[in-house]
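**Q** Structure, please.
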Amino acid sequence: MGTPGDLPAPQQGLVLTHFLTVRDVAVSRSFYAEILGGEVVLEENPAIVKVANSWIIMNPGGGPTPDKPGVTLAPPEEGRAESGFLNVRVADIASFYAGARAKGARFLTEPLDRKAELRCYLRDPDGYLIEVGQATGMLRGVFADPPAGPSAGPG
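**A** Model prediction:
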């Protein structure tokens, strides 16, 4: 387990973390530590896993609190539209993909060439979507084709 210096507590300025509402803290904590190579900094209440230069914070859902009145937190529901996802950038997507699959990660597709990048998506144990990408063409000024039509979304 990490040390207090590994906690997302800046001495000045700010750090950006990502909070996930999860069904089973132990399962999710293990996923982010094993699949993304994170370091468990805090086991529970909340669970915090340091991944590269960021932190994933996880806790079960719940109802409103005094500092977030009217807000209820719950993990994603299967079949609902996605409103965001974690974006992970890697140096070698083939190596990451092979290693993560060997550890049990469930990918939607293998890495695909999108001109600007190679990318693929996987889901964590709660169904959160995670994009994994490696910059390729964008490093040479080659970018993906724009979305077709007015209803096409990003990406």
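**Q** can you pull out the helices in this structure?
**A** 25-34, 93-102 (DSSP state H).
**Q** among those helices, which is nearest residue 17?
**A** helix 25-34 (12.2 Å; CB to CB). All C-beta atoms are positioned from the backbone trio N, CA, C, and that covers glycine.
**Q** so how far is the closest one from its chain's centroid?
**A** Computed by CA atoms, centre = their mean, to the nearest Å, the chain-centroid distance of helix 25-34 equals 12 Å.
**Q** next one: stretch 8-26
**A** 12 Å.
**Q** Just the C-alpha atoms of that stretch, please, in CSV.
**A** What follows is the C-alpha trace of stretch 8-26 in CSV, where atoms were taken according to Å, rounded to 0.1, in the frame of the first residue of the first chain:
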residue,chain,number,x,y,z
PRO,A,8,-3.7,13.2,-4.2
ALA,A,9,-3.0,16.1,-1.8
PRO,A,10,-1.1,18.9,-3.6
GLN,A,11,1.1,21.3,-1.6
GLN,A,12,0.1,24.0,-4.1
GLY,A,13,-2.2,24.3,-7.1
LEU,A,14,-4.3,21.3,-7.9
VAL,A,15,-4.3,17.7,-9.1
LEU,A,16,-6.9,16.1,-11.2
THR,A,17,-8.4,12.8,-10.0
HIS,A,18,-11.2,10.6,-11.3
PHE,A,19,-14.0,9.3,-9.0
LEU,A,20,-15.9,6.2,-9.8
THR,A,21,-19.0,4.9,-8.1
VAL,A,22,-18.5,1.2,-7.9
ARG,A,23,-20.5,-1.9,-6.9
ASP,A,24,-17.7,-3.8,-5.2
VAL,A,25,-14.7,-1.7,-4.1
ALA,A,26,-12.3,-4.7,-3.8
